[in-house]
Structures are given as structure tokens and as C-alpha cells.
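> sequence and computational prediction follow.
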Number of protein chains: 2
Amino acid sequence: MNGYEDNPLHRITHPRSVAFWGASTNFMGMGTIQLSQLLQLGFEGPVYPIHPTETKILGLDAYPAVKDVPGPVDLAVLVLPTRIVPEILEECGEAGIRSAVVVSAGFGEVGPEGKVLQSRIVEIAKKYDICFVGPNCIGVVNPHIKLNTTFFPYETKPGFVGMASQSGSFVTQMFSYLANIGLGFSQGFSVGNEAVTDITDCLEYLGQCPDTRVIGLYIEGIRRGRDFMRVAKEVSKKKPIVAFYVGGSEAGSKAGLSHTGALAGPDSLYDGVFDQCGIIRASSIEELFDFCWVLGTQPLPNGNHIAVLTNSGGPGAAAADAADRCGLKLAELSPVTVTALTKLVPGTASVKNPVDLTFSKNPGDYFGRLPQILLDDPAVAGLFIYCLIPDQRVIMSVISSQTPNDRAADLANEYIRGQCVILESLSEKYGKPVVGASYYSRSELFVRELHDRDFPLLPSPERAVRALGALVRYARTRQALLE
Amino acid sequence: MNGYEDNPLHRITHPRSVAFWGASTNFMGMGTIQLSQLLQLGFEGPVYPIHPTETKILGLDAYPAVKDVPGPVDLAVLVLPTRIVPEILEECGEAGIRSAVVVSAGFGEVGPEGKVLQSRIVEIAKKYDICFVGPNCIGVVNPHIKLNTTFFPYETKPGFVGMASQSGSFVTQMFSYLANIGLGFSQGFSVGNEAVTDITDCLEYLGQCPDTRVIGLYIEGIRRGRDFMRVAKEVSKKKPIVAFYVGGSEAGSKAGLSHTGALAGPDSLYDGVFDQCGIIRASSIEELFDFCWVLGTQPLPNGNHIAVLTNSGGPGAAAADAADRCGLKLAELSPVTVTALTKLVPGTASVKNPVDLTFSKNPGDYFGRLPQILLDDPAVAGLFIYCLIPDQRVIMSVISSQTPNDRAADLANEYIRGQCVILESLSEKYGKPVVGASYYSRSELFVRELHDRDFPLLPSPERAVRALGALVRYARTRQALLE
């Protein structure tokens, strides 16, 4: 096994310079769009467009061939018509380039002729010791060094989710989705036809990557079963893996086959494989990121008994119901806990679990004293908290306490930020997972603040609780793998 | 059974004037916030705050008692300490007011003493023929006449979803959520302790309401089982009912009991009841609104075979997989359809179902010719289409066709709007349901346009397909009820 920096995928995701085939002065060409995204994210090394006739592309000097480029090239990105890919890859090899992203489609996924062509580029790669991703992929992203070879703008922060996907969409089209929930990729791979680099290679590499705290996989079918299991078992001991697998149903399996040619297996087979390897299965791409959010930020719980804290009855009941359905239990609170809670809550509140405040006697307690009391209880292994601190409400509250109107917004923001800091600090302080939910979006300050602090504030109580359930499952299987 | 306008709930949701107890010059009082929301939405009739000492509240003249109010009062809203509610309700009765919303808590839900107090207000209501909602509720909303007695701002458009909820949160805290997906309530009820008006009454009333195309229920426990079933069966013949029930698990049932005192039953019992009545069960509040969106906008399908149209492999495979898991089948496309598709799509595309374009030969076909070919196929009962028309991409495309930059944005917007109009018109033209999905939010024009045209553009392929599955189930059970 290679170390992180010796891994050939490290070269692909950490180039100091890029040569780019397929961009032109046609703004709408796919290659042009991809090159423009690379520039837009602000890649800091030299970028060399290669084009037979054009000399200036997107403001950069273009070169007729890679041998004409004035400096060393670490990575080749090929967005070319299928038939000329072998020839260009050969030129890359001759020029000493050892890393490539082959975006071009029309290879193994389209039938026998494409398969022949694909074998040819694999041979060329071997001959020159080139490691490449693709073909028929959408590229790679490493926001930590501002690398984005895909054709979508990377809109979110550099993050901690390592992604390897048999669909390019589930890397690229997620940039915007992740921005809305304040998550980001550490590195992301669209593996395409997996001619040289497959999802197992990516998994092994992301397992080594220090920026990656959790790994997401989108799977239509695994090509090297034994290797995948060996690697996954090792990685799972160190960091969690979440997989979204669509090949288990008849329709899903057929769809995957025509997409990338991967062979699927029934759910029962894959569920068994996932269980043995400690992989947590998600039922949609959204759930994959829900799970990654919680698994990548929260400490492992010591058991499956949780507390539910809410000031809204419905969301509390929904959380309790979801807990029951995903293998979690509501902790029985100790008499000490109940006594401590009773002192702080109004008469209409329920101090049973879910703890439902109905309204807050002292709103400041909700994110501080109350969760602390619950997390102090040894019976509580983790906490779900329903979150709502609307800007307007707080501003009105500040105004009502005789503050001049022009200072109210600042004081309100300060208050909201303070509550978010307290809430975010709980999991580290108690060594127990804390997961929140809100139906509100980033237009509210508390949502932005919690997102930006990597506090998992999921879009609904059910999704938050299911993600907490995934964390409990991972804690269990990891323990089993270590023993 | 009362007609729509004779139904006492019509009086509550269509007052010409409102008297309001519990607002004051304390900005943060719950009553003050509720009154401010009523004013903010722009209720057009006179509003009379009642307060023992204050004479001006939120800019309105306040009156010491309801008998001092200078005009007739249609609706009383009571946000008062529990103990004085009976006395004030009596005053309302004496003043001839026959409709009320009792927001105050501390009644039946808190134990024997509260139960006695609740009986008392029920007696007073009977004595004076007052119909009221509550106590322990968050109010009612009828955006079509700008009525919002709750303490959250109504942020979304007047819509077609009638909601009756045993949690106030699932009316009020959804205003913002619904705004993000472009849905709105026709009318919404937080039923609280259901002392006089229960969820069955609301269901019957919403069944009559002409603005309501689909009904959402949040249920912790049904109090009048037989009546509920009788009403639900009748309503289901006319319009769909979607229910989110949390009482079926042990934890959910306990949480509901302490919330509103409602008695729950096991899932098996409720599933049976729902099935018999044609009610579609949702597994979360988000799914409830997903289902309402599709059930309230799309024609009923004639069968369970659908077509999946995508230009992204992963989302297409996810849709196919989700279809299989919720009782839908992928239609086998006729040779005519396959031939027609083949002419329009690139060589890398798959014309099997899912139809995966990989990329578009002519992007204009994607929302027009291609879905039309699919919907023309008699084997196709409904269509899922993956949607993505990013603003920036279209603007660049327009610029690349030699358009001056300053006109590009306008032309791009025109193009996007045109595509949305075509897509939205398909379901009516073919009499078959069409459901879309996108991971993008309202910051993109195509998302806003489709939302604003009431096209169901759900946040993921799985959610869209599951909602289509719900529509198929409703079509079946409705047919059975009618026979």
C-alpha cells in the first residue's frame, strides 16, 4: 500500500500545473466550461490550454501541442472527441506527464468498439506509467488547493467529506446543494468507467487523506469485490464510510449498467458486504450527506439511548417516532436530571423525554443549561435538539428591552452568535454527539452560524435522528472491527 | 352536514373583524407578536385589541372590554393567562361573538385541574353557540383573506394545501419551509386540545373548501375514530388526504400524549384505517408536503408504469431505484417511441427507460419534444424528469451565439421561462402526471419559475418518484372507494 503522498491519486488531486485539451474560443464547449471553472475557483499554478490552431483561450496562452508548453506539466485534462484520446494520451506519456483526467465518453460504456478503445488507453497508460481517472467521468475536485476540473462551479467551502462517485452528477451537482447546508468536499472523484482508477482506489486514498473525516460513496456496482472489502474494512476502523447504492433493485441495476457498465448485485448481497465492512448505507444522496455531516463532526456515542430536547411539540414527537424506527431509544432520565430540569422550565413543560419546553422561561437556558443537564445524565448517550432562533424575534426582543433601534440588530446578532457558540461546544465538552434540526434555511443567521461552525443542523428532526442512528451503528460496527 | 359557508369553521377563518385579547405594549408578549403578524399580513377588516389599561397597542386603539368596541366583532382571539379565559369567553358570548381562537394553554393537557377548566369553557361555548379552535393551539391562517392569528409571519403565497395539525409548529414553522419550495396553504388549523373543534371537523370543512385541492393532516391521535373514517372516506372521493402520523411507535405515542393528550394506536391499526379511507400516509412533514404538491397539482395516472427522463446518469439511476421501491414500474417503451427518441439524442445516450441523454444534442428538446414522445406512448402512465437549466450556463450560451452581453441576461431569462412554460403545460396536455426534481434552490430562475407555476419540482429524484408513487396509490384507492 502506498502512503498518502506516494499514492498516484495524490498526484492527480495535487498538481502544480495543468495542461488542458478540449477548451476553445467556443464558450459553450464542454471543455471550455471545464477550463473556465478551473480558473474561476482560482487554481494557482500555471494552466496550459492545448489547441491545434487557437493561440488565446479564456485569456490564457494556448499551445499547439504539449511539447510546446514552456514549463513542466503535472496533470493532463482531456475533454476531447473519443477517437483522438489515445493519440493525445500517448503524447502526454512522451512528454513525461504521469497523471490525467479523461473526461471524454464513448469508451467501455457504449459497446464492443468502445471497449477496444478503452483497452488501448489503458495500455498507453501502463506503458508510460500514467495514472488516470475516467474515461466518461466529470473530473476531480480538491477545493483545498482550488482545483476543480469539472464543469460546475465549486460553490461551497473546502470541507471534510471525501467523495468517490460512479456518477459525476453526485459530485458536481452537489456543489450547490452542499453550499445550502454549509458542507464541503475535502476531495471528490467522478470515477466514470474506472478503466485504471476505480472506486476502491479512491476509497483507499481518501482513507489516507488527512482533510477527509468521512467518506461518501455513490455505487452502481463494485468491480473488485474482495479488494473493496479488504480496503473498506481497514478504512472503517479509522473513519466512517457512507454508501448510497442504487443497484439493488431491478430498475436501479439496469439503469446503472447502461450508465457506466458496472455490474450490480441484489440488496441482500450488498447489505451483507456493507455490514461486514462497517459501511453505513444511505437511501438517497441527501441522506448520504446527512450521515456524512454527523459522522464527520460528532464523537462516537456510548450506546443508543438519546435525549430529545424541543420547544415545539410536533417536531419533538416526530423526533421520538423517528428514533424508535431507527434503533434508538429515548433515555430514561435520572431523578437528578428531572429535578434539575424542573427548576428551569415552565409549568406547562414536559420533563419526560422528549423534554418539551412548550415555551422558554429563560430562552438563554435552551442552548446552554438545559442540554448540559441532559448530557450530564449518564443514561444519555447523545442529544437531539430542535433549533429555532429567528432573527426578527430576537431583534424585537432586544428592542423591547429599551435598546435604541439602531443598535438592536447588532445586539441581536451577538446574542444569536453566542447561543450558536454554546450549542456547538457541547459535543466536545461532553464527548457525546449533539445533532440539531431546523426547517429554516440559511437566510436565518442562526442557521448560517451553526453551518459555518460545522454543527450538524439537519433540515428536519427525522433526518437528524436518522443520522444520529447511523452514528450509533457506525460506533458499534467499528468496535466489532477493532476487536 | 353543513355546507361550506354555513360551517362554523368558515366563520372562524373568514371574519370581517377581529377582537384580540393578550396583546400589549410589551413587544415580546406572545399575544403582541400574534397581533403584529395579523397586521403584517394585512388583514383588511377592523382589529380591536382589548386591554384593561392600555389605550394604544401596535398603533391601534385598544379598548378596556369587548362591550366598548365601536363595531361588530366576528372573531375573538384569546392569548390570555389560563384562569381568566372562562370569564373573557363569557363576555364574548354576551357580546354576541360566535367564533373564537383560544391560544392559551394550561387546560386538558396539564392534568385534572386543567381538564375541569377546559370543560368550563366548553360549557360556556355551548351556552352562547360559540365555535372555537383550541385551547393550547397556535391559531389559524387563511392567506386568501390575509388572516394569520399565529405568531409566525406568513411568508409564502396563498396556496391550495389545506392543513389541520395537532402541532402548531407544523402549521407555523412551515411558512418559511413552504416559501422555499413555492407552496402555500389554502387554510391552516392548529387544533390544539380539540375541546370543541377537532381534526375531523377540520377535515370535513377543508373537504368543502374550494381553495383546497389537497389536505394535509398531522396526527398524534384521533379522538372520534368512526366519525373520522366516515368523513375521510367521503372527502377522499373528492380530493386527496395525506397524513403524517407519529403515534405508531412507542416513543412517538408517549410524546404525543404529553403534548396534546391525544391517544395514539399502533401503526397496524392506523395503516388499516388510512387504507380503508384512501388516506395516503407520509413518513415526515417534508414528505407530507411533497405528496401534497404532487397530489394537488397532477392528474391521476392510469396505471403504475412511468418513464424516467434524465441527462444525468446518477439521478436517473436513483429515480429508477426509488420507483422500484415504491411500487412503480419503468414502462417498456414501444418501438415507435424508441425510434422517435433515437432521432433526437446523441450516440452516447440510452433510449431505454430511464432515457438518459448524457448530454443534449439540442437542449430545447429536453423539456419539449422528448417528454412529448414519452407521454405519447400508451405504456407510459406518468413521467419523472430530472431538471437543470442553470442561469449562468444559459447566459454563456447566449453570449456565445454573438449576442451583445447587455442583452444576454434578458434573452437567457426568456429562454428559461419558455422551457418552464413548456414543461408545466405537459401534464394538462397529456392528462398524465409529470413530476420533476432538482438539487438546486430558488436562487436559480428555472426553480422559481417552476415553483411559481405550481409545477412539482421536488428536491431530489427519490422524493419526486415517491410522491408519484403516492399519486398512483391515491388513484387506486379513490377508484375503489367510488366503486
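Arrived safely, thanks for sending.
> okay, CA-based contacts and neighbour counts for the rest of this
Fine.
> give me the distance between the spatially most central residue of chain A and chain B.
With distances taken as Cα atoms, centre = their mean, the residue of chain A nearest its centroid is A:V161 (3.7 Å). Distance of A:V161 to chain B, computed by Cα to the nearest Cα, to the nearest Å: 18 Å.
> ok, now A:L481?
Applying Cα to the nearest Cα to A:L481 and chain B gives a distance of 30 Å.
> so that residue touches A:G278, yeah?
Yes: counting by Cα atoms under 8 Å, A:G278 is a contact partner of A:L481 at 7.4 Å.
> any idea of the mean pLDDT in the one helix or strand A:F446 maps to?
According to DSSP states H and E, A:F446 maps onto helix A:445-452. Helix A:445-452 comes out with an average pLDDT of 96.
> how about stretch A:425-435?
97.
> export it to PDB, keeping only CA atoms.
The C-alpha trace of stretch A:425-435 is given here as PDB (Å, rounded to 0.1, in the frame of the first residue of the first chain):
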ATOM      1  CA  SER A 425     -19.200  23.500  22.000                       C
ATOM      2  CA  LEU A 426     -21.400  20.900  23.800                       C
ATOM      3  CA  SER A 427     -20.300  17.800  21.900                       C
ATOM      4  CA  GLU A 428     -16.600  18.300  22.600                       C
ATOM      5  CA  LYS A 429     -17.200  19.300  26.200                       C
ATOM      6  CA  TYR A 430     -19.300  16.100  27.000                       C
ATOM      7  CA  GLY A 431     -17.800  13.800  24.400                       C
ATOM      8  CA  LYS A 432     -21.300  12.900  23.300                       C
ATOM      9  CA  PRO A 433     -22.900  13.600  19.900                       C
ATOM     10  CA  VAL A 434     -25.300  16.600  19.600                       C
ATOM     11  CA  VAL A 435     -27.400  16.900  16.500                       C
END
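> ok but A:G247 is inside a helix, no?
No: if the criterion is DSSP: H, G, I helix; E, B strand; the rest coil, then A:G247 is coil and not within a helix.
> the residue lying closest to it once chain neighbours are set aside: neighbour count?
Spatial nearest neighbour of A:G247, excluding adjacent residues (Cα to Cα, 6 or more residues apart in numbering or on different chains): A:S253 at 4.0 Å. Residues near A:S253, counting by other Cα atoms under 10 Å in any protein chain shown, number 25.
> for A:S253, phi and psi?
For A:S253, the backbone dihedrals (degrees, to the nearest 10) come out as phi -60, psi -40.
> quick check, stretch A:428-447 touching chain B?
Yes: applying Cα under 8 Å from any Cα of the partner chain, one finds stretch A:428-447 touching chain B at A:439-441.
> ranking by neighbours, what's the top pick from these?
Neighbour counts for the residues of stretch A:428-447 next to chain B (other Cα under 10 Å) peak at A:Y440, which has 23 neighbours.
> for it, give me its contacts.
A:388, A:447, A:459, B:176-177 (Cα atoms under 8 Å, 6 or more residues apart in numbering or on different chains).
> tell me the pLDDT of it.
94.
> is it possible to export the contacts of A:Y440 to TSV including neighbour count, secondary structure and distance to B:D365?
What follows is those, written out as TSV (neighbours: other Cα atoms under 10 Å in any protein chain shown; DSSP: H, G, I helix; E, B strand; the rest coil; distance: Cα to Cα, whole Å):
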residue	neighbour count	secondary structure	distance to B:D365
A:L388	18	coil	44
A:V447	27	helix	39
A:P459	18	coil	35
B:S176	21	helix	35
B:Y177	21	helix	33
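> turn those into JSON lines, columns for distance to B:L344.
Below are those laid out as JSON lines (distance: Cα to Cα, whole Å):
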{"residue": "A:L388", "distance to B:L344": "50"}
{"residue": "A:V447", "distance to B:L344": "45"}
{"residue": "A:P459", "distance to B:L344": "40"}
{"residue": "B:S176", "distance to B:L344": "41"}
{"residue": "B:Y177", "distance to B:L344": "39"}
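> who's in contact with the nearest residue to A:W293 once chain neighbours are set aside?
Excluding the flanking residues, the one nearest A:W293 by Cα to Cα, 6+ apart is A:P456, at 5.9 Å. Neighbouring residues of A:P456 by Cα under 8 Å, 6+ apart: A:293-294, A:297, A:435-437, A:450.
> any idea what the residue nearest to the centre of chain A is bridged to?
Taking DSSP bridges, one finds A:F185, A:V214 as the beta-bridge partners of A:V161.
> so it makes contact with A:G216?
Yes: counting by Cα under 8 Å, A:G216 is a contact partner of A:V161 at 6.8 Å.
> please enumerate the shared neighbours of those two.
Joint contacts of A:V161 and A:G216 (Cα under 8 Å, 6+ apart) are A:C292.
> now for A:G296: which residues touch it?
By Cα under 8 Å, 6+ apart, the neighbours of A:G296 are A:160-161, A:213-214, A:240.
> could I get the phi/psi values of it?
Torsion angles, degrees, to the nearest 10, at A:G296: phi -90, psi -10.
> how close does it sit to A:V435?
12 Å (Cα to Cα, to the nearest Å).
> cool, and A:V447?
From A:V447 to A:V435 the distance is 13 Å (Cα to Cα).
> grab the nearest non-local neighbour of A:D129.
A:R98 (6.1 Å).
> how near is that neighbour to B:E113?
Distance from A:R98 to B:E113, by Cα to Cα: 80 Å.
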